[in-house]
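[1] A predicted structure for the sequence below; I have some questions about it.
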Amino acid sequence: MSPDPSLPDPGTNSLHVVAVRTHRHRAPLRRPFITAARRTESVEYVVAEVVLDDGTIGQGSAAETLAVTGESADTIRAALEGPLRRAVLGENASITDLSARVAGALDGATSAKAALEVALHDAWARAAGHPLVELLGGRLEDGLMNDMTISLEEPGVMARRAREAVAAGEQILKIKLGHDIAVDRERLAAVIEAAPSARLRLDANQGWSPEQAIEIITGFEADALPIDLVEQPVAAGDVEGLARVSAAVSLPIMADEAVWDVEDARRLVDRGACDLLNIKLAKTGGLRGALAIADVARAAGIECMLGAMMEPRISITAAAHLAIAHPAITMIDLDPPAWFASDVPRGGYVQDGAWLRLTGGAGTGLELLEARVDRAGGER
Ligand SMILES: [Mg+2]
């Protein structure tokens, strides 16, 4: 990919941020989202909004995910209105410099950082009049096949959800598994019987010991089940356990909770601890951190998934632009908006069967989300 000279250079094109605003929303889900780690019935989220000196507005968002990032809507808003706002307000700097300021403004707070860093990128691309994907080096017309998550429930319920998803055009199902491998086998058997044409991604969300993981995955292989990968089988901190599982099985093993930043990615890749990486903007603190991981993966010949927390459409659309732009990102797990009872704002992307395609327009291509537009929950 050679840079297009008509596009603004991320290292030199200067932005002047004159305001950083936030508004808060609550979005009920259509039904509970359940994993081995948590149960979610509604999503509290904060929209970060930046205003440039020419009046251009960009938006990013961050959802409360206490069980994953440790951030609540209150801490996200406090970070945005305190150290993060101070890091970028009034500055005349390039998008890469502004992203570095966001990253260095405080420790942790990766969701809050992602919201602001995405808002800056959205404003940058809107001001330049280009879709964000193009400024990240990709092509608007490319798409990726999305998946649909099947929550951790009783086998019969998971089978029904799987059947409904395939009937709606989905081709890849992400199956949440849990702590009891005997019941997990029943869950998977029920899903496969209900949706025999679907490709499956399994996600144990750290639910198994390395020994359990090896036992259950080896069994899946012996039964030749239609499984593409197994995500985070063991505890996030157990890199040696993850490496042991990867070495013992032939199905590709993906790291998720074990990879937050580029240092984690390098450690996992150098150790050969996994075959695939799951990148999420809420873990990396935004697009630049995610690009750094994808670059490490590309150099190592490793493919990545672009995933997300249970986040609103603004976060998901930014992730889709990045995923479509980067050659090492070959998979997306970006179904959260389908779970929202009120999926706002409009635009950004459409899903055609299993395929996710960007709509075009400058920046993320989304309409701007106004405070109080979310009638299901409302701004407060
Ligand atoms: Mg996962």
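    That came in fine, so what should we check first?
[2] OK, now which residue of the protein is nearest to the ion?
    Nearest residue of the chain to the ion (Cβ to the ion) works out as residue 256 at 3.7 Å. Where you see a C-beta, it was placed from the backbone N, CA and C, and this is true even at glycine.
[3] Confirm for me that that residue is in contact with residue 232.
    Yes: between residue 256 and residue 232 there is a contact at 4.2 Å, judged by Cβ atoms under 8 Å.
[4] Can you name the residues that contact the residue of the chain closest to the ion?
    Contacts for residue 256 (Cβ atoms under 8 Å, 6 or more residues apart in numbering) come out as 203, 205, 231, 232, 278, 280, 307.
[5] could you redo the last one with a cut-off of 7 Å?
    Contact analysis of residue 256 by Cβ atoms under 7 Å, 6 or more residues apart in numbering lists 231, 232, 278, 307.
[6] Check which residues of stretch 286-303 are buried.
    286-294, 296-297, 302-303 (16 or more other Cβ atoms under 10 Å).
[7] I'd like the next helix or strand past the helix or strand harbouring residue 289.
    Counting by DSSP states H and E, the element that carries residue 289 is helix 287-300. The element immediately downstream of helix 287-300 (helix or strand, assigned by DSSP H and E) is strand 303-306.
[8] Could you chop the protein up by domain?
    The chain is divided into the following domains under automatic domain parsing: 14-129, 135-358.
[9] how far does the last one stretch from start to finish?
    Looking back up the chat, that one is domain 135-358. Start and end residues of domain 135-358 are separated by 14 Å (Cα to Cα, to the nearest Å).
[10] so for it, what's the average pLDDT?
    Across domain 135-358, the average pLDDT comes to 97.
[11] Kindly report the same for the first one.
    Along domain 14-129, the predicted local confidence has a mean pLDDT of 96.
[12] Quick one: check that domain for contact with the ion.
    No: residues of domain 14-129 are not located near the ion by Cβ under 5 Å from the ion, the shortest gap being 7.7 Å.
[13] picking up where we left off before, ramachandran angles for the residue of the chain closest to the ion?
    Main-chain torsions, residue 256, degrees, to the nearest 10: phi -130, psi -80.
[14] so how far is residue 104 from it?
    Residue 256 is 25 Å from residue 104, where distance means Cβ to Cβ, to the nearest Å.
[15] how about the most centrally placed residue in the chain, secondary structure?
    Closest to where the C-alpha atoms of the chain average out (Cα atoms, centre = their mean) is residue 308, at 2.2 Å. Each residue gets one of three states, and residue 308 gets coil by DSSP: H, G, I helix; E, B strand; the rest coil.
[16] Stretch 245-257: end-to-end distance?
    From its first residue to its last, stretch 245-257 covers 15 Å (Cα to Cα).
[17] What pLDDT does the model give residue 379?
    pLDDT at residue 379 comes out at 47.
[18] Can I get the buried residues of stretch 286-303 in CSV including distance to residue 167?
    As requested, the buried residues of stretch 286-303 are exported to CSV (distance: Cβ to Cβ, whole Å):
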residue, distance to residue 167
286, 36
287, 35
288, 40
289, 38
290, 33
291, 37
292, 40
293, 35
294, 34
296, 39
297, 34
302, 34
303, 29
